[in-house]
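> Sequence first, predicted coordinates after that:
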Amino acid sequence: MTTADVALGAGPRDAHGSPDGENYLNCSKGLKSWLFTLDHKRIGVMYLVATLSAFLMGGIFALLVRFEHLTPGRTFMDADSYNQAFTLHGAIMVFLFIIPAIPAAFGNFIMPIMLGAKDVAFPRLNLASFYFWVAGAIFLVSSILISAPDTGWTFYTPYSSSTTTSVIPALFGVFILGFSSIFTGLNFIVTIHKLRPKEMGWFKMPLFLWGLYATAVIQVLATPVLAITLLLLTVERAFGVGIFDAALGGDPVLFQHFFWFYSHPAVYIMILPAMGIISELIATYSHKHIFSYHFIAYSSIAIALFGFLVWGHHLFTSGQSSLVSMVFSAITFSVAIPSAVKVFNWLFTLYKGSIELKTPMWYALIFIWVFSIGGLTGVFLGALSLDIHLHDTYFVVAHFHYTMFGGTVMALLGGLHHWWPKMFGRMYNEKLAQFATLLVFVGFNLTFFTQFIMGSLGMPRRYWAYPDEFAIYHVLSTAGSVIMAAGFFLTAGYLLRSLTNGKKAPMNPCGGATLEWEAASPPVHYNFDGDAPKVGDPYDFDRVIYDPDTDSYHHEPLPS
Amino acid sequence: MVPFLGGASGWQASLLAGAAKTFWMPEQRSTFASDVDALFYGVLWICVFFFLLIVAMAAFFIVKYRRTDARPRAEKSSHHNTTLEVVWSVVPLIIVLWIFVVGFRGFMDLRVAPQGAYEIGVTAEKWNWTFTYPNGYEDSNLHVPLGKPVKLIMSSRDVIHSFFVPDFRVKFDIVPGRYSTVWFEATQTGQSPIYCTEYCGTSHSNMLATAIVHEPGEFDSWLAAAANWMEGLSPTEAGEILYTKKGCVQCHSTDGSVGVGPSFRGSFGNTRAFADGSSTVMDENYIRESILNPTAKVVVGFDPVMPTFQGRFDDDELAATIAYIKSLK
């Protein structure tokens, strides 16, 4: 027995906390035990693999787009292929990757453990949600094999009702993915309401759960609107019923209103769980109580609610009335405040902390960097007269990549490294990880910062060919994307290698104070061996004690 | 000063109409440009300040409070401060409210054209622009007089397009089924690119035109001469100009390369095979029908995407176009 075992005082466990070395990965074997599993952890892992595969596919399309832009005219693709490539990049990244990734992969895996529960409230619905994702993905990807849509991921009418490409399978795929999203949201709302332990009041929840809860509310309320919109578009295309197409007596701008009524809240589906992860990472690696818990929690809810009232800022140039544009501009600025509040609270969590610059913390700091740029450039776009100039240029492309990609994906990578030892019981190579993080950071900023400049100079988005004066920015941007891709492949490499060669992970390698760090690494089938430990303040790091012998932490039991 | 923040040229640019390109912004060639740029660089300064503040604080805390053997644990400190929360909520709120008001006022200037503005019609379609002047003359480029408010009455024949002139800082969507407008007043003679900024399919990125600003007197004489442009030209010469002006060039090449539509080179007198299995020799009547009713006969291997030009070619123009296609051996 090691000192860690004695300190745990919980009977015969090995150094990693599980009795007999049994865990959720090895408790049952065979393909069927995965495909029909109801275990939230296995479903989370399947979602992780699935969404990261979509990320790879979307990333390949992104690289095709970037390489096409190496020269102002044709580089290696014709205009139609380019239009299909950027459409698939956007549609795959948004619908198959960013929207589901954090809630469905990390939310699924971590949330029930954070609650001390055995599973989510509806495990079967959870598995159904995964298979709806798979079905949606099959339809969306199969549209590529027929003739890939070329409408942009926004499917604006009347272009989308008149193009000859296979829009309907893609729309149907997105329609099904919506159900997957609703199921996950519903499940999480019920789980957070009903499965919290009695000591965990709403304001004793880890902030990641606040992020997931706010996200789930948006998923349940907003996604049906997208489903209805896509259904109407399908009816218009298939039966010629005039809804959005002016030639049939419809209104094209109505589609934009419907579409953004979902898709603007959807950007908060992407960012709120990411902000939740950042709150966990900043507090954990500062080993200090999060600053102003209540303001961070309330700001999540504020963002979720305000997020429903700003969709019209995508339509400033569309011809909606100037009065409407004014109202949407004003509300758009108000949503900037809760985001700024979060950033300042994270900064003050660092103050007087005990900061450890491990890979997840680097990603959290990168998040603050890129999300600040993404948020601040949103101020330009919220201002009506500036948006007229910047709308549909690369400035907008850069802005939403800084928030969606920079924000969500940096948080996802931070969370992936943070919870990797918990999920798979292995430690990755920290030095390689930090080097890959540097590549991603440099590559990301080179790729997208240059796009701000060419955008405000007038470079329109979705352009296959472009004037020579923008060539330098495009070449730099493409160079950045290569550096970033190298960082991602390196990350995939050392993470996968750690599964077989990595050092075995202790229960709590990072000093986290939330319940998942009191579970085994990887956790047992029902998360805890017997009843879950009593839950305290999720940011009380005083009771998380460093143990130099095992280079890990253990929890002092709470006074009963 | 660093070019990033506009530098001396940036700030002066925002005060002087007609200033040169800066690090962030294209040349200023309309009366809006200086207001838009002043707000842009103002917001940029504010954002740079806050960004540097955030990064500097983070860097300082990371260095100062980094975990070392001497400092193995976090220090005791309060984890809430209502005053701070109120300050960093209210201060940014006041700043963004100011930005909102300035942006809104600039927007209303952009949206409300002065009385008596010179009106030019704009027709957008896949993938070309047609500008129609008060005397009925049509051109594929936008010619405007210097120092006079110009209002564009825009409509689309197919999907949504968007009219964008970076040098003028104006942009507005052209939605089928309704008219939309933009107005501007040019402050410099010369040429500026016009882009379509709402994705509209295959040749979206080639849906370009040029805004050409004339001296006021010169504009009137240009327009009078332009309206009679076919006089004194042979039909073949006139057809070559029409080929560009009417937008044929966007889809039909004259060098044999295949575009969205078949090339014109050496096409006259050849036999065309159609999607429905029929075929015909390409003669005067076939060309006329293909311009006025393009989907009647669709050449094998091409999509029926060409819009009708019924009412947009008069007989002289049709004859000139046919003569030009004949000449492309």
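Looks like it came in fine. The structure presented is a predicted model; accordingly, all values stated were derived computationally and were not measured.

> among the helices and strands of chain A, which has the poorest mean pLDDT?
The weakest-scoring helix or strand in chain A, judged by mean pLDDT, DSSP states H and E, is helix A:3-8 (a mean of 39).

> ok, so what distance separates the nearest residue to A:Thr359 once chain neighbours are set aside from A:Trp362?
Spatial nearest neighbour of A:Thr359, chain neighbours left out: A:Ala433 (4.1 Å); criterion: Cβ to Cβ, 6 or more residues apart in numbering or on different chains. Glycine gets a C-beta too; all of them are placed from N, C-alpha and C. Computed as Cβ to Cβ, to the nearest Å, the A:Ala433 to A:Trp362 distance reads 9 Å.

> Show me which positions of the next helix or strand after the least confident helix or strand of chain A end up buried.
Note on helix A:3-8: by DSSP states H and E, the next helix or strand toward the C-terminus is helix A:31-35. Buried residues in helix A:31-35, counted by 16 or more other Cβ atoms under 10 Å in any protein chain shown: none are found.

> okay, now A:Leu177: neighbour count?
Counted by other Cβ atoms under 10 Å in any protein chain shown, the residues lying close to A:Leu177 total 26.

> Does A:Ala398 touch A:Phe444 like I think?
No. If you go by Cβ atoms under 8 Å, A:Ala398 and A:Phe444 don't touch, sitting 10.9 Å apart.

> can you list the residues of the stretch 451-560 of chain A near chain B?
Proximity of the stretch 451-560 of chain A to chain B, by Cβ under 8 Å from any Cβ of the partner chain, involves residues A:453, A:456-458, A:460-467, A:539, A:541, A:546.

> typo on my end, the stretch 51-200 of chain A
Within reach of chain B by Cβ under 8 Å from any Cβ, the stretch 51-200 of chain A has these residues: A:Ala79, A:Asp80, A:Asn83, A:Asp150, A:Thr151, A:Gly152, A:Tyr156, A:Pro158, A:Tyr159, A:Ser162, A:Thr163, A:Thr164.

> ok, those residues vs A:Ser292, which is closest?
A:Ser292 lies nearest to A:Gly152 out of these, by Cβ to Cβ, at 39.9 Å.

> The closest one and A:Val167, how far apart?
Noted for A:Gly152: a distance of 11 Å to A:Val167, by Cβ to Cβ.

> Who has more neighbours out of these two?
Using other Cβ under 10 Å, the more surrounded residue of A:Gly152 and A:Val167 is A:Val167, with 25 against 19.

> how close does the more buried one sit to A:Phe367?
Applying Cβ to Cβ, the value for A:Val167 to A:Phe367 is 35 Å.

> what's the burial count for residue 327?
Let's take chain A. Using other Cβ under 10 Å: A:Val327 sits among 14 other residues.

> actually it's chain B I care about, not the one you picked
Counted with other Cβ under 10 Å, residues neighbouring B:Ser327 total 16.

> what do you get for A:Thr75?
Neighbourhood size, A:Thr75 [other Cβ under 10 Å]: 15.

> Can you check which helix is longest in chain B?
In terms of residue count, the longest helix belonging to chain B (DSSP state H) is helix B:33-64.

> Mean confidence (pLDDT) on it, please.
For helix B:33-64, mean pLDDT is 96.

> Same check on stretch A:26-33?
Mean predicted lDDT for stretch A:26-33 stands at 92.

> Dump the C-alpha coordinates for it into CSV.
C-alpha atoms of stretch A:26-33 as CSV (Å, rounded to 0.1, in the frame of the first residue of the first chain):
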residue,chain,number,x,y,z
ASN,A,26,-12.9,-2.8,-19.1
CYS,A,27,-16.0,-3.8,-17.2
SER,A,28,-17.6,-5.3,-20.3
LYS,A,29,-16.1,-6.1,-23.6
GLY,A,30,-16.9,-6.3,-27.2
LEU,A,31,-18.4,-4.0,-29.8
LYS,A,32,-21.9,-4.6,-28.7
SER,A,33,-21.1,-3.5,-25.2
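
> What does A:Asp245 show for phi and psi?
The phi and psi values for A:Asp245, taken as degrees, to the nearest 10, are phi -90, psi 120.

> Which pLDDT value belongs to it?
Among the per-residue scores, A:Asp245 shows a pLDDT of 88.

> ok, it - contacts?
By Cβ atoms under 8 Å, 6 or more residues apart in numbering or on different chains, the contact set of A:Asp245 is A:Thr157, A:Pro158, A:Ser161, A:Ser162, A:Glu236, A:Pro252.

> B:Tyr195 in helix, strand or coil?
The local conformation at B:Tyr195, judged by DSSP: H, G, I helix; E, B strand; the rest coil, is strand.
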